[in-house]
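Undergrad: Curious how this folds, go ahead:
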Amino acid sequence: GGPVVKFLVTPNNILEAFLGYDNKEYHNQKLNYGEYDRDAQGMRAYLSWTWFFLSRGFATLRYDYGRERTDGIYSDNKLHGLSANVNVPLLPASVAHKAGQLFVQAGGSYTLQDYTYPQPYTDVGWVAKTEERKDQIYQWTIGLNWEVIKNIGLVLQYKHVKWDSNISLYEYDNDVYTAGIEFKF
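TA: Model prediction:
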């Protein structure tokens, strides 16, 4: 955790800065010993800009930095991330007043994660190697959020994650479809 500072730059623009410290304890690690232990401490920071437009619409750009010093050396890393998100109302105010607000939400991010120490692995040709791991993570999402009545909404969302790594063991693609009910209070 840590403090967040927000500056109202103009009536439609907010600059936000965060600087904090994380302490992560993973209780369900499959490899939680020695060099593979992912429990971590480290600094985290971000800087974001939010622009409010239309009625209840906004767009956000954000840069993230993180430094994880893990108990096991193979997960020790630094990360740099850039993300963009937009929330756009789809219905005119007169219709939204009767039918409820309907928003389309879309976003994407790119994260570069560099690991500090070389780690041993076996490549696809069953050759033993040692290399510093470097990952690139791409995420994008799109969804609909309908506020049926005040403080209660329906949410439909699709999210895709593509994790590229120079060590193929860590690569994957993942698609997640969600539907839910959102309560605000």
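Undergrad: so where's this structure uncertain?
TA: The model of the chain has pLDDT under 70 over residues 29-33.
Undergrad: just the helices in the protein please.
TA: Applying DSSP state H to the chain gives helices spanning 93-99.
Undergrad: For the most centrally placed residue in the chain, which non-adjacent residue is spatially closest?
TA: Against the mean C-alpha coordinate of the chain, by CA atoms, centre = their mean, the closest residue is residue 109 at 7.1 Å. Take residue 109 and drop its neighbours on the chain: the residue closest to it by CB to CB, 6 or more residues apart in numbering is residue 83, 3.6 Å away. Backbone N, C-alpha and C define where each C-beta goes, glycine included.
Undergrad: check contacts around that neighbour.
TA: Contact partners of residue 83, counting by CB atoms under 8 Å, 6 or more residues apart in numbering, are 60-62, 64, 107-110.
Undergrad: Return the distance of residue 63 relative to residue 48.
TA: Distance of residue 63 to residue 48, given as CB to CB, to the nearest Å: 7 Å.
Undergrad: who has more neighbours, the two?
TA: Neighbour totals were compared for residue 63 and residue 48, and residue 48 leads with 18 against 13 (other CB atoms under 10 Å).
Undergrad: Does that one touch residue 61 like I think?
TA: Yes - in this structure residue 48 lies within contact range of residue 61 using CB atoms under 8 Å: 6.6 Å.
Undergrad: related to what we said a few turns ago, for the residue nearest to residue 109, give the beta-bridge partners.
TA: Beta-bridge partners of residue 83, counted by DSSP bridges, are residue 62, residue 109.
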